[in-house]
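**Q** coords please:
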Amino acid sequence: MEASLFRQLKALSVAEWRDVVNQMNGLHSIGTRVELQGDPTDDVGDYLLEGIYAELRRRGLLGRHERLQQRHFPPDFRRASAAVRRRLDEIMGAMAPAERHALGCTIAECTARWLKQRRVPVTRFTMMRNVDKVFVALDFSFPGYLEAGLLRSILPERKR
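**A** The predicted model follows:
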């Protein structure tokens with residue numbers, strides 16, 4: 001139940017997310033309001049961050065339900081992640097939520113492999129610090145795929 005709800009919330013657009021928050025605020029008539037800390041889009045839809053979380057969990061560096069607090073993020077992570085996601089969205093075109101998740105996980109795995117090859121320890125901080133280097137990491141793991149426009153082919157095929 002919890003995982004299903006989490007998937008549904010991750011798939012919401014910004015406008016839908018704000019509607020949910022407004023509905024929750026309407027349910028709290030005693031004066032308590034649901035407050036979003038910072039920008040509501042910070043973690044919503046950041047499939048690169050979700051991929052980093054998945055890779056860190058796979059390596060035993062992050063607890064099953066643990067999430068990093070924003071104050072522990074490198075200073076330019078949000079900006080760099082948004083820029084990379086914009087470029088990936090241009091390259092990939094329309095993607096289903098499952099494809100975004102798969103892409104985020106694949107990119108995080110490639111980044112970890114690239115860091116390890118460069119003898120940089122794979123940690124929470126190094127993964128997030130190098131989010132702007134994902135295209136180098138992708139080219140390291142899949143040489144020539146970016147230039148040939150084959151990035152979509154690294155994702156698992158969709159069941160139709």
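
**Q** and the end-to-end length of stretch 52-68?
**A** End-to-end distance of stretch 52-68 (Cα to Cα, to the nearest Å): 11 Å.

**Q** mind listing what's buried along that stretch?
**A** For stretch 52-68, burial by neighbour count (16 or more other Cβ atoms under 10 Å) applies to Ile52, Tyr53, Ala54, Glu55, Leu56, Leu62, Leu68. The way it works is simple: take the backbone N, C-alpha and C, and place the C-beta from them, glycine included.

**Q** following the chain onward from the helix or strand bottoming out on mean pLDDT in the chain, which element is next?
**A** In the chain, no helix or strand scores lower on mean pLDDT, DSSP states H and E than helix 14-27, which sits at a mean of 62. Remark: after helix 14-27, the chain's next helix or strand is helix 47-58, criterion DSSP states H and E.

**Q** what is that next one packed up against?
**A** For helix 47-58, the packing partners by 3 or more Cβ pairs under 8 Å, 6 or more residues apart in numbering; DSSP states H and E come out as helix 77-92, helix 97-117, helix 124-129.

**Q** which stretches of the chain have low pLDDT?
**A** Residues of the chain that meet the criterion pLDDT under 70 lie in 1-6, 9, 14-15, 17-44, 158-160.

**Q** with just CA atoms, put the helix or strand harbouring Glu147 into CSV.
**A** Secondary structure from DSSP H and E places Glu147 in helix 145-148. The C-alpha coordinates for helix 145-148 follow below in CSV (Å, rounded to 0.1, in the frame of the first residue of the first chain):
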residue,chain,number,x,y,z
TYR,A,145,25.1,6.0,-27.6
LEU,A,146,24.5,9.7,-27.0
GLU,A,147,26.0,10.8,-30.3
ALA,A,148,24.1,8.1,-32.2
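
**Q** good, we can wrap up now.
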